[in-house]
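**Q** Okay, sequence plus prediction incoming.
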Amino acid sequence: MEAAPDIEIFSRAATENRVILSADTDFATLLALREETKPSVILLRCGPKRPALQVQLLLANLPAIEELAEKGSIIVIEETRIRVRSLPIGDKE
């Protein structure tokens, strides 16, 4: 799915109850605009893309974020902190 359009990635992840893992902030923005509760997005924001550090941060924080990802969230993992926004973002009025 590496070359798939974002909308296709969203649809498949939602249908298969998966979580999107990316360093691309566009996914979180698109998810917020869609006002949906699934799929969750985990953003890895640890400076230059260093796969070894990204894996280390993800594995170290996975127990703390697993339930949040299952409920529907945008989770931003940085080297020194984690930020979480529950979905959907925005009012549905």
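**A** Happy to help now that I have it.
**Q** which residues touch the one residue sitting closest to the centre of the chain?
**A** Most central in the chain under CA atoms, centre = their mean is residue 41, positioned 1.4 Å from the mean C-alpha point. Taking CB atoms under 8 Å, 6 or more residues apart in numbering as the contact definition, residue 41 lies against 19, 20, 21, 22, 27, 28, 31, 73, 74, 75. C-beta: built from backbone N, CA, C; applies to glycine.
**Q** Which two of the residues you listed have the greatest separation?
**A** Set against one another by CB to CB, the contacts of residue 41 have their most distant pair in 22 and 73, with a gap of 14.1 Å.
**Q** and the two? which has more neighbours close in?
**A** Comparing residue 22 with residue 73 by other CB atoms under 10 Å, the one with more neighbours is residue 73, at 22 against 14.
**Q** is it true that that one touches residue 37?
**A** No: Residue 73 is beyond contact range of residue 37, at 9.1 Å (criterion: CB atoms under 8 Å).
**Q** which residues are in contact with both of these two?
**A** In contact with both residue 73 and residue 37: residue 87, using CB under 8 Å, 6+ apart.
**Q** Identify each buried residue in the strand or helix carrying residue 56, please.
**A** Taking DSSP states H and E as the definition, one finds residue 56 inside helix 51-71. For helix 51-71, the neighbour count (16 or more other CB atoms under 10 Å) marks 54, 57, 65, 68, 69 as buried.
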